[in-house]
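> The amino acid sequence is not available; the structure is as follows:
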């Protein structure tokens, strides 16, 4: 084998080794964001488990507010279903988007529940409800931290996936783009209304 043969063999070896390194890095980054989603899933499940207890505790006090309690449970069930679907394939961006919408609906329902509960002093004074609300608040914070970690992991994955020559390997081996986990809350996006009357 001549010098040009060795050079060609060396270039091919460098390209193959480079492709293997890129592939392994993309796999590691994809697994990192999947693990980050698993941490979100744990916290969401914890919250989904607390909500029925909250509703059950409030039932005795909110007998005239059954519609509010029903909405909370429906929103909880939709969010739990979307979370199960997303947990099966966190790399599927459409599932993450559906979860974000369901979580936004759940947060809106819980906010409405809290607003209604404010009108019932006996309910606000209930120790069990107070503890459940504190537990839910703590869980919300954990979900927020886990969501941020997931979104950071997704951004690292997307950056690596889009860089050249990584994008060639990513496209060839099917490393798809996914979605950030953003909770869709229409109330948070609407303009604040100020009245001076």
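Great, that's in hand. Treat the numbers as computed from the prediction; the structure is a model and nothing was measured.
> didn't residue 51 look like it was pressed against residue 136?
Yes. Counting by C-beta atoms under 8 Å, residue 51 touches residue 136, with 7.5 Å between them. For the C-beta atoms, the positions are set from N, CA and C on the backbone; glycine is no exception.
> Looking at the two, which has the bigger crowd around it?
Taking neighbours as other C-beta atoms under 10 Å, residue 51 and residue 136 compare with residue 51 leading, 23 against 18.
> show me the contacts for the more buried one.
Contact analysis of residue 51 by C-beta atoms under 8 Å, 6 or more residues apart in numbering lists 72-73, 76, 110, 136.
> now do residue 105
Contacts of residue 105 by C-beta under 8 Å, 6+ apart are 75, 78-79.
> Overlap in contacts, residue 51 and residue 136.
residue 110.
> where does stretch 152-172 sit relative to the chain's centre, distance-wise?
A distance of 21 Å separates the centroid of the chain from that of stretch 152-172, by C-alpha atoms, centre = their mean, to the nearest Å.
> Could you work out the end-to-end span of it for me?
For stretch 152-172, the separation between the terminal residues is 24 Å (C-alpha to C-alpha, to the nearest Å).
> buried sites along that stretch?
Taking 16 or more other C-beta atoms under 10 Å as the neighbour-count basis, stretch 152-172 is seen to contain the buried residues 153-154, 157-158, 160-161, 166, 169-170.
> Give the burial count for residue 141, as a bare number.
11.
> just residue 116 next, same as before
So residue 116, with other C-beta under 10 Å, has 19 neighbours.
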